[in-house]
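Participant: Got a predicted structure plus its sequence, pasted below:
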Amino acid sequence: MDSAAALARASRGCAGKPGRLPFGKETLAALSISAAPVRLLSREMVMTPALEVPRAESARLIDKYGRNITDLRIAVTDRCNYRCVYCRTGNDGAQYPELPIEDYLRMARVFVSLGIEKVRLTGGEPLLRKGLIDLVRELAKLRALDGEPLDIALTTNGHLLADMAGPLKSAGLSRVTVSMDAVDPVKFSRITRVPNGYENVRAGVLEAKRVGLTPVKVNCVLLRGFNDDQIPAFGKFAREENVTVRFIEFMPLEEDRVWSPEVVITQAEILRRMSEFMPLVEVGRDGSETARRYRFEDGVGEIGIIAPVSNPFCGHCSRVRVTSDGKIRTCLFSVFEHDLHAQMRRGADDAALAEYIRAVVMKKEARHHIGEPDFVPASRTMVHIGG
Ligand code: SAM
């Protein structure tokens, strides 16, 4: 059985209840089809007053390669209500503890005192987390070193978004990114292994647009032989719904270790196949942007491609991540974590936390090694890191 067939098999029967569907050893073995090196190019919320922490330009986080670290991603849970075939086994649930919301907030404050300007809340599925709206409200009170409000974003599967978009916007969320791997309801269910999700997610996207959580971005991970036939349909969706659809190359960060280079639909292939639907024109980008952006030639609709596998952008990575259990990860592919929450439990004050963070950032990896013979899988998979 090849990868696509194995993925298809794993996703069959998605009308069942979450947790029932097998993604067994046979599937796993069938999907691990190549070990060859990749030949791709290259306690609930306690409201606290804003904390005064010393601020200075010299406080800004910079790693040993000279990269400015301005983006913080916080996973507020590693629970998820979807079991996407390329991300989770379908059987395992959360594996790591969650912290009280005020602990994430304190961490964020210290990071902001060090030059963080963007905070993205993620998971697991962040909309499952009680206290999320209060966290957004408190984050919205913080100011970056330049005195500007933070850019507060959320990555969600969108299943619960229709009801939460309005309250999140009112709390101060800036924008939202919704993950959608098909625009066909049946295919969508096969991927997520949850019935009737497509309608919910589409309603979530529309509501996010209506309340102004814009620009609404839709992220799609393509897998060969599984959902790559959705490329033109996503082009149509981007044009009709006026959302930016961004394709993300599949990375080896899944629980089932199903990744192989053959399954990855690369930037070049996406561009070629989307251009057959309608020619594209590249739009300029700023240096820190991970996505290459393209407009359709008639000016209607935009897509983006994030190509960490075939066209890595580690050289201008500006990100640092905090997991749901309070560990700092300096790269998606880190094999080491740094226990920030342990420092808090030991009674470190904010200045000590700041020094700890600064030292950790100096250890940020130069780049990932996807597809190289020395590639070592990350110590956590995507759902437990936060995308
Ligand atoms: N539950 C939220 C969601 O669905 O957006 C946030 C967490 S999810 C892990 C974040 C993003 O990571 C999703 O867009 C998902 O498609 C993407 N993702 C998961 N596994 C991936 C992989 N192996 N390679 C690339 N992207 C992946």
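Facilitator: Perfect, thanks for sending it.

Participant: how about whichever helix or strand residue 155 is part of against the ligand, any contact?
Facilitator: In this assignment (DSSP states H and E), residue 155 forms part of strand 151-156. Yes. Counting by CB under 6 Å from any ligand atom, the ligand has neighbours in strand 151-156: 155, 156. C-betas here are computed from N, CA, C, even on glycine.

Participant: What helices and strands are in contact with whichever helix or strand comes after that strand?
Facilitator: Sequence-wise, the next helix or strand downstream of strand 151-156 (DSSP H and E) is helix 161-171. Secondary-structure packing of helix 161-171 (3 or more CB pairs under 8 Å, 6 or more residues apart in numbering; DSSP states H and E): helix 132-139, strand 175-179, helix 197-211.

Participant: how deep is the closest residue to residue 241 other than its chain neighbours tucked in, by neighbour count?
Facilitator: In space, not counting the residues next to it along the chain, residue 241 is nearest to residue 205; the distance is 6.8 Å by CB to CB, 6 or more residues apart in numbering. Neighbour count of residue 205, defined by other CB atoms under 10 Å: 24.

Participant: hang on, isn't residue 205 packed against residue 157?
Facilitator: No. With contact defined as CB atoms under 8 Å, residue 205 does not reach residue 157; the gap is 11.2 Å.

Participant: quick one: contacts for residue 227?
Facilitator: 181, 182, 187, 191, 220 (CB atoms under 8 Å, 6 or more residues apart in numbering).

Participant: now residue 143
Facilitator: 112, 149, 150.

Participant: Quick check: phi and psi on the first one?
Facilitator: Residue 112 adopts backbone torsions of phi -60, psi -30, taken as degrees, to the nearest 10.

Participant: That one contacts residue 150, doesn't it?
Facilitator: Yes. Taking CB under 8 Å as the definition, residue 112 is a contact partner of residue 150 at 6.8 Å.

Participant: and for the two, which residues touch both?
Facilitator: Shared contacts of residue 112 and residue 150, defined by CB under 8 Å, 6+ apart, comprise 119, 142, 143, 144.

Participant: Look up how far residue 220 lies from the first one.
Facilitator: Meaning residue 119. Separation of residue 119 from residue 220 (CB to CB, to the nearest Å): 24 Å.

Participant: How about stretch 330-339, which residues are buried there?
Facilitator: Going by neighbour count (16 or more other CB atoms under 10 Å), the buried part of stretch 330-339 is 330, 331, 332, 333, 334, 337, 338, 339.

Participant: so what's the last one bridging to?
Facilitator: Read that as residue 339. residue 327 (DSSP bridges).

Participant: Among the shared contacts of residue 112 and residue 150, which are located in strands?
Facilitator: Judged by DSSP state E, the shared contacts of residue 112 and residue 150 include residue 119 as members of strands.
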